[in-house]
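Student: here is my input, please return the structure:
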Amino acid sequence: MGFHSSKRQFLKTGLFGLIGLGTAGRVLARNKAKPHVLVAGAGAFGGWAALYLLRQGARVTLVDPWGPGNPLSSSGGQTRNLTGAYGTPEVYREWAQRSMRLWLEHQERWQLPLYEPIGALWMARENLTLGDTATDRTADYTRWMDEDVEGAEKLTPDEANSRFPQISMDGIRTTLYEKEAGILFARRACYAVIDGFLAEGGDYRQAGVVSTRTKDGEMQGVTLSDGSKIEADRYVFACGPWLGKLFPEVVGKHLVVTRQEIYYLQTPDGDDRFHKSKLPHWVDWGREIWWGVPAHQTWGFAVADHGLGPHFDPASGDRRVSDSGKQAARAQVGARFPGMKGAAYLTGRVCQYTNTPDGDYIIDRHPEAENAWIYGGGSGTGFHAGPARGQDMAGYVLGRGMPDPRFSLSRFQESA
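Tutor: Numbering: from 1, shown residues only. Predicted structure coming up:
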């Protein structure tokens, strides 16, 4: 089932009202030899995990209260950056590079544009020093900017300015340019993964998990927001910013949800220098971290502050973009891209990061339920590596391998 045909089916049955589509799911339901896995959350974490669980031999039920790529999710919005030239730790680099291949593979398989290689330019400011930010992950990046990185070309500020003269290199110490990096069309990708999951025999239900039942060291079922109950053999909870609400005692104190704003600015009339055909996506890294995506499709020039915003309730928080944020974004863009100085604000959106104290993900079993996994804590970097991470997550759930200990829940007790 292709994206457009399945979209018509969505409309026919009600928005993402997909319960019971096709015969493959019913056939799997009768095959008791296949372990039944419930996956909660249809974003970049849960969607890919559900698809690969299906491919690795499970019967899978995927649930989400608002559907893939919805405006309340951390996986929504127009684009995400895709990069393979990670520094340390090795697991992040391997996931990123494998995911680049998997995005291309699925783009071909589904005949749907998901990824466009426009390049990436990482700029390190002269005031960037180790210890400027709170997490060890940023220290990894700052070291990485001064090293030779596979898949990236180190450029002096003058060399980078010669290649991209629309960017001012004022205050920049060094840059890395990654030719094969690009942008992912995020919301479209979320839809496509669920399309693929359904076409391969998965079962999707639009409902959220509101409670779980655990006894004798195992999870024995969940209750959904529509009042129904599901019992499965194994469970994966990839609920993004709702993980802490669902499991307050287990992960609530280890996850902080923050309010993040992204802004779209108008490019100069008749000037294509700030379009994706002429400019890579970029990261401007100093004591503040700004990133952006050049103008694409009918959207303007995107810019966002990667710094952590205030604490945020994803269910009830105010999603209006702040005037102060708009002003800061326009000032940042005007300084780094002089031809965009004074650019008009077009639109914006509020999303959220689900942050762990060290910036690493949580990939671990529930401490009171051996058959349930907690999978989240994307900390603003989780989307691009969804395919490879989902491939591995499926293996963990089905008993093939274990995740790196850096993603365990026990690390929080060890560091207390």
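Student: next, count neighbours for residue 331.
Tutor: 11 (other C-beta atoms under 10 Å). To be clear about C-beta, it is placed using only N, CA and C from the backbone, and glycine gets the same treatment.
Student: check which helix or strand covers it.
Tutor: Using DSSP states H and E, residue 331 sits within helix 323-336.
Student: could you identify the helix or strand that succeeds that helix?
Tutor: strand 345-355.
Student: list the buried residues for that next one?
Tutor: The neighbour-count check on strand 345-355 (16 or more other C-beta atoms under 10 Å) flags 345, 346, 348, 349, 350, 351, 352, 353, 354, 355 as buried.
Student: give me the below-cutoff pLDDT ranges for the stretch 101-250 of the chain.
Tutor: Within the stretch 101-250 of the chain, the ranges that satisfy pLDDT under 70 run 128-148.
Student: what about 50?
Tutor: 130-137, 139 (pLDDT under 50).
Student: can you pull out the strands in the stretch 251-400 of the chain?
Tutor: For the stretch 251-400 of the chain, applying DSSP state E, counting those that start in this stretch gives strands covering 256-265, 281-285, 289-293, 301-305, 345-355, 362-366, 369-376.
Student: between the ones you listed, which one is nearest to residue 205?
Tutor: Among those, strand 369-376 comes nearest to residue 205, with 18.2 Å by C-beta to C-beta.
Student: re the thing from before, distance to residue 65 for the strands of the stretch 251-400 of the chain - can I get that in a markdown table?
Tutor: Below are the strands of the stretch 251-400 of the chain laid out as a markdown table (distance: least, C-beta to C-beta, whole Å):
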| stretch | distance to residue 65 |
| --- | --- |
| strand 256-265 | 16 |
| strand 281-285 | 31 |
| strand 289-293 | 28 |
| strand 301-305 | 25 |
| strand 345-355 | 15 |
| strand 362-366 | 20 |
| strand 369-376 | 15 |
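Student: ok, which of the ones you listed comes nearest residue 195?
Tutor: strand 369-376 (21.6 Å).
Student: ok, back up a step: between strand 281-285 and the helix holding residue 331, find me the angle.
Tutor: Angle of helix 323-336 versus strand 281-285, following axes from the mean of the first three to the mean of the last three C-alpha atoms, to 10 degrees, is 100 degrees.
Student: who's the nearest residue to residue 321 once chain neighbours are set aside bridged to?
Tutor: Residue nearest to residue 321 in three dimensions, not counting chain neighbours: residue 348, with 3.7 Å by C-beta to C-beta, 6 or more residues apart in numbering. Residue 348 has these beta-bridge partners by DSSP bridges: residue 263.
Student: got a list of what residue 348 touches?
Tutor: By C-beta atoms under 8 Å, 6 or more residues apart in numbering, the contact set of residue 348 is 261, 262, 263, 264, 321, 325, 326.
Student: closest to residue 363 among those residues?
Tutor: Proximity of these to residue 363 (C-beta to C-beta) peaks at residue 262, which lies at 26.6 Å.
Student: need the max-distance pair from the contacts of residue 348.
Tutor: Using C-beta to C-beta, those reach their maximum pairwise distance at 264 and 325, which is 12.3 Å.
Student: so what touches stretch 66-73?
Tutor: Stretch 66-73 has contacts (C-beta under 8 Å, 6+ apart) with 15-16, 42-43, 47, 64, 75-76, 186-191, 193-194, 206, 240, 314-315, 319, 349, 351.
Student: that stretch - what's its average pLDDT?
Tutor: On average, the pLDDT along stretch 66-73 is 92.
Student: so which bits of that stretch are buried?
Tutor: So stretch 66-73, judged by 16+ other C-beta under 10 Å, has buried residues 66, 67, 68, 69, 70, 72, 73.
Student: just the residues you listed: which are in helices?
Tutor: Nothing among those maps onto helices, per DSSP state H.
Student: for those, which two are the farthest from each other?
Tutor: Greatest spatial distance in those: 68 and 72, 11.7 Å, computed using C-beta to C-beta.
Student: surely residue 329 and residue 302 touch.
Tutor: No. Between residue 329 and residue 302 there is no contact under C-beta atoms under 8 Å: 9.5 Å.
Student: so what are the domain limits for this protein?
Tutor: Per the record, the chain has its domains at 3-75+186-254+359-415, 120-179+256-355, by automatic domain parsing.
Student: out of the ones you listed, deepest packed?
Tutor: domain 3-75+186-254+359-415 (a mean of 20; mean count of other C-beta atoms under 10 Å).
Student: circling back to that earlier point, next, format the strands of the stretch 251-400 of the chain as a markdown table and append mean pLDDT.
Tutor: Shown next, in a markdown table, are these (pLDDT from 0 to 100):
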| stretch | mean pLDDT |
| --- | --- |
| strand 256-265 | 96 |
| strand 281-285 | 94 |
| strand 289-293 | 95 |
| strand 301-305 | 96 |
| strand 345-355 | 95 |
| strand 362-366 | 98 |
| strand 369-376 | 98 |
